[in-house]
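Asker: sequence and predicted structure are below.
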Amino acid sequence: MMQWRVLLQKEWRDHVRSLKVLWIPLVFVLYGVMQPVMLYYMEDIMKAVGNMPEGFDMGITDVTSVEVMASTVGQFHLIVSLIIVLSFMGIISKERKNRTAALLYVRPISFSSYYFSKWSGATIVALVSTIIGLLASYYYTVILYNEVDAWRIAALIGTYSLWVLFVVTVTVTASALFPTGVAGTLAILLTYFVQLIDSIIGQFWTVSPWKLGTYAVTWLGSKPDSSDFWLSVVVTVIAIIVLMFVGVFGARKNMENIKI
Amino acid sequence: MSQLLQVSALQKNYGQHEVIKNISFELTQGTATALIGPNGAGKTTILSMLAGLLKPTNGQIQFDGIVGDPRAAIGFLPQYPQFNSWLTASEFLIMAARLSGLTAQTAKEESEKMLQFVGLKDAANKKIGTFSGGMKQRLGLAQAIIHKPKLLLLDEPVSALDPAGRLDMMNLMKSLQQEMTILYSTHILNDAEQMTDQLLFLKAGKLVEQGSLQDVKAKYEHRQIVVEFKVVEEAAQFVVKSTLSAEQQGNIVILQTDDMQQVIRELAKETFTIRKVEQQSASLEEIFMKVAKL
């Protein structure tokens, strides 16, 4: 525990001093706010730009806040995994490459405290950014449109947070296993592309971590199918735990690859 | 004195390539050992295995009197220590100390002492990213000794430094010799000669020579006595008269003998003006060249 705390403090200083704690939440908030604001002012924007045929009705003035929120999460979903992967794909591999890891590995540290310090640091930044981003979007949706049940938003954020945890774990573990470039590519494939595939041919199955984004949105309307949803949660949690074990193993195995 | 470390039949392969071939040696507590050899001989590989960064393919590394994780009792300074550049020197040292098991309070106190010891007190709160090579090397030494290890491993601690930095570093190392066993690699032999109880000569992954500095030197002794005269004529005269095999180089005469008594007796027969008579011993430099050719 003590090692984990000391290493996490180092991670935190890195995230603070590299301004990750600033720009990641900022991007997430921007993305969260953009959709409700854009939709709200779309008509004005179109009028200002001109070239609208006489009597053309966009049909966007009467969208409900639930629809706005849903499309926001859709937008949000497109960049969240991308930004998390790009920000943290070198979190372990970079330390091997630039050899700073050597001075840590010669000390009696356990690789699990090493891996979990990395994971915790990335998770704090990613989760807090996600929550702030979604809350900002919720806030603008409420003031520009109408009220959404708070519990629905809480359920949405909770479900979405699990997806973010999954993305962070995939990224950190890939970084423990492979060099930065390979780790980044693999993590993007496993989050972004599989999710695309899932959205194209995913109607054939109902349980997978890549469905969490969709399930998060369904909290706004009906509610996700209970058993499918909870099974997906369980599968995701199991996947995260397995990935953590693999990550600790990978970090230990790659120790020999540090050139000193 | 008791033994600290015993290495037996150590072997490291990378695929088919044998980098370290069957090496055995011992380190006695409180001694300084120099690991000498040309580039690529495997010095860094050996130190990395002792530090626990690499796993030996074969053989044993046995620490006597160290219970638990041996890494807690080892300090290691890599040849080019790399630090997380966003940390300050003091933050880094405190982290290093805590990871080696010191409490928060002790870590703080020790890091201050260490920064003082290596002369980085004024830079304690500067980011390591702004440090010069010499400063990084000194910080590297500080992190290697902050937890008072029993065994200190230094990989080429002085080769990257300028003469002043080298002298500093050697002095720091000498002051540590009282407290810990030191094993360091170097190819600056002058420095090795100043601070060595034991020599390990490494060549192409094999230990080609080992022993105390005196023993190794005696083995490669020249058996030469050099006499320096004030004038060339006297030197020439002496060469003619001497019963020993002598060779003249200007005002210097080199005698192939180690019998100092006889040389002095012969010199005393005449009234030469002599500047210097000395028994020339082989320098490590020469031994290195001889050993490297084996």
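Answerer: Happy to help now that I have it. Not measured: the values here are computed from a predicted model.

Asker: in contact with the closest residue to A:G74 other than its chain neighbours, which residues?
Answerer: In space, and not counting its chain neighbours, A:G74 is closest to A:V217: 7.1 Å by Cβ to Cβ, 6 or more residues apart in numbering or on different chains. For every residue, glycine as well, the C-beta is placed using N, CA and C. Neighbour list for A:V217: A:A70, A:V73, A:G74, A:L156 [criterion: Cβ atoms under 8 Å, 6 or more residues apart in numbering or on different chains].

Asker: quick one: A:F178 from chain B, how far?
Answerer: 20 Å (Cβ to the nearest Cβ, to the nearest Å).

Asker: can you report how many residues lie near that residue?
Answerer: Burial of A:F178 is recorded as 19 neighbouring residues (other Cβ atoms under 10 Å in any protein chain shown).

Asker: and the helices in chain B?
Answerer: With DSSP state H applied, chain B shows helices at B:43-51, B:89-99, B:104-117, B:133-145, B:163-176, B:189-194, B:213-219, B:232-241, B:260-268, B:284-293, listed in chain order.

Asker: let me know the angle separating the second one from helix B:104-117.
Answerer: Which is helix B:89-99. Put simply, helix B:89-99 runs at 130 degrees to helix B:104-117, going by axes from the mean of the first three to the mean of the last three Cα atoms, to 10 degrees.

Asker: same for helix B:89-99, what does it pack against?
Answerer: Applying 3 or more Cβ pairs under 8 Å, 6 or more residues apart in numbering or on different chains; DSSP states H and E, we find helix B:89-99 packed against helix A:2-17, helix B:104-117, helix B:133-145.

Asker: Three-state assignment for A:V125, please.
Answerer: helix (DSSP: H, G, I helix; E, B strand; the rest coil).

Asker: these two touch, right, it and A:H15?
Answerer: Yes - with contacts counted by Cβ atoms under 8 Å, A:V125 reaches A:H15, the gap being 5.4 Å.

Asker: quick check: neighbours shared by the two?
Answerer: Shared contacts of A:V125 and A:H15, defined by Cβ under 8 Å, 6+ apart, comprise A:V21.

Asker: contact partners for residue 202?
Answerer: Assuming you mean chain A. A:S208, A:W210, A:K211.

Asker: the intended chain is chain B.
Answerer: With Cβ under 8 Å, 6+ apart, B:L202 has these contacts: B:I23, B:L35, B:I36, B:G37, B:A41, B:G42, B:K43, B:I46, B:V208.

Asker: interface residues of chain B facing chain A?
Answerer: Within chain B, the residues that sit near chain A (Cβ under 8 Å from any Cβ of the partner chain) are B:44, B:48, B:51-55, B:68-69, B:71-72, B:74, B:76, B:78-84, B:86-87, B:91, B:95-96, B:98-101, B:140, B:143, B:155.

Asker: quick one: the residue found closest to A:R99 once you drop the neighbours it is linked to in the chain from A:V194, how far?
Answerer: Excluding the flanking residues, the one nearest A:R99 by Cβ to Cβ, 6+ apart is B:Q82, at 4.2 Å. Separation of B:Q82 from A:V194 (Cβ to Cβ, to the nearest Å) stands at 36 Å.

Asker: next: A:F88.
Answerer: According to Cβ to Cβ, A:F88 stands 18 Å off from A:V194.

Asker: thinking again about what came up before, report the distance from the strand or helix carrying the residue nearest to A:G74 to the chain centre.
Answerer: If you go by DSSP states H and E, A:V217 is part of helix A:212-218. Centroid separation between helix A:212-218 and its chain, computed with Cα atoms, centre = their mean, to the nearest Å, is 13 Å.

Asker: likewise for stretch A:143-151?
Answerer: Worked out by Cα atoms, centre = their mean, stretch A:143-151 lies 23 Å from the chain centre.

Asker: so what's B:L284 up against?
Answerer: Shown in contact with B:L284 (Cβ under 8 Å, 6+ apart): B:I36, B:L189, B:N190, B:A192, B:E193, B:L199, B:K217.

Asker: actually, A:M255.
Answerer: By Cβ under 8 Å, 6+ apart, the residues touching A:M255 are A:A101, A:Y105, A:F111, B:L53.

Asker: kindly recompute the last result at 7 Å.
Answerer: Applying Cβ atoms under 7 Å, 6 or more residues apart in numbering or on different chains to A:M255 gives the contacts A:Y105, B:L53.

Asker: go on, A:A101?
Answerer: A:E95, A:I258.

Asker: any idea how far A:K94 is from it?
Answerer: Counting by Cβ to Cβ, the gap from A:A101 to A:K94 is 9 Å.

Asker: equivalent analysis for A:H77, please.
Answerer: Separation of A:H77 from A:K94 (Cβ to Cβ): 27 Å.

Asker: my read: B:K12 touches B:L53, true?
Answerer: No - counting by Cβ atoms under 7 Å, B:K12 sits too far from B:L53 to count as a contact (11.6 Å).

Asker: picking that back up, in ChimeraX, how would I select just the buried ones from the contacts of B:L202?
Answerer: The ChimeraX selection below is limited to those of those classed as buried (16 or more other Cβ atoms under 10 Å in any protein chain shown):
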select /B:23,35,36,37,41,42,43,46
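
Asker: which residues in the stretch 51-200 of chain A form helices?
Answerer: Counting by DSSP state H, counting those that start in this stretch, one finds helices in the stretch 51-200 of chain A at the ranges A:65-88, A:93-97, A:102-105, A:111-144, A:150-177, A:180-188, A:194-201.

Asker: would you reformat those as JSON lines and include mean pLDDT, mean neighbour count and distance to A:A239?
Answerer: Below are the helices of the stretch 51-200 of chain A laid out as JSON lines (pLDDT from 0 to 100; neighbours: other Cβ atoms under 10 Å in any protein chain shown; distance: least, Cβ to Cβ, whole Å):
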{"stretch": "helix A:65-88", "mean pLDDT": "87", "mean neighbour count": "20", "distance to A:A239": "15"}
{"stretch": "helix A:93-97", "mean pLDDT": "91", "mean neighbour count": "20", "distance to A:A239": "21"}
{"stretch": "helix A:102-105", "mean pLDDT": "90", "mean neighbour count": "22", "distance to A:A239": "28"}
{"stretch": "helix A:111-144", "mean pLDDT": "93", "mean neighbour count": "21", "distance to A:A239": "14"}
{"stretch": "helix A:150-177", "mean pLDDT": "93", "mean neighbour count": "22", "distance to A:A239": "7"}
{"stretch": "helix A:180-188", "mean pLDDT": "93", "mean neighbour count": "19", "distance to A:A239": "14"}
{"stretch": "helix A:194-201", "mean pLDDT": "83", "mean neighbour count": "14", "distance to A:A239": "12"}
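
Asker: out of those helices, which comes closest to B:E270?
Answerer: Closest approach to B:E270 among the helices of the stretch 51-200 of chain A (Cβ to Cβ): helix A:102-105, 64.7 Å.

Asker: what's next to that closest one, contact-wise?
Answerer: Taking Cβ under 7 Å, 6+ apart as the rule, helix A:102-105 contacts A:Y114, A:M255, A:I258, A:I260, B:L53, B:P78, B:P81, B:F83, B:A96, B:L99, B:Q143.

Asker: output those as CSV; include the columns distance to B:L172.
Answerer: CSV is the format used below for the contacts of helix A:102-105 (distance: Cβ to Cβ, whole Å):
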residue, distance to B:L172
A:Y114, 30
A:M255, 29
A:I258, 26
A:I260, 21
B:L53, 23
B:P78, 17
B:P81, 15
B:F83, 18
B:A96, 17
B:L99, 22
B:Q143, 13
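
Asker: so for those residues, which is the shakiest by pLDDT?
Answerer: On pLDDT alone, A:I260 ranks lowest of the contacts of helix A:102-105, at 68.

Asker: what is the burial count for residue 9?
Answerer: Went with chain A since none was named. Around A:Q9 sit 17 other residues, with neighbours defined as other Cβ under 10 Å.

Asker: I was after chain B.
Answerer: By other Cβ under 10 Å, 12 other residues sit near B:A9.

Asker: now stretch B:133-142: mean pLDDT?
Answerer: Averaged across stretch B:133-142, pLDDT comes to 89.

Asker: whoops, stretch A:5-12 was the one
Answerer: On average, stretch A:5-12 scores 92.
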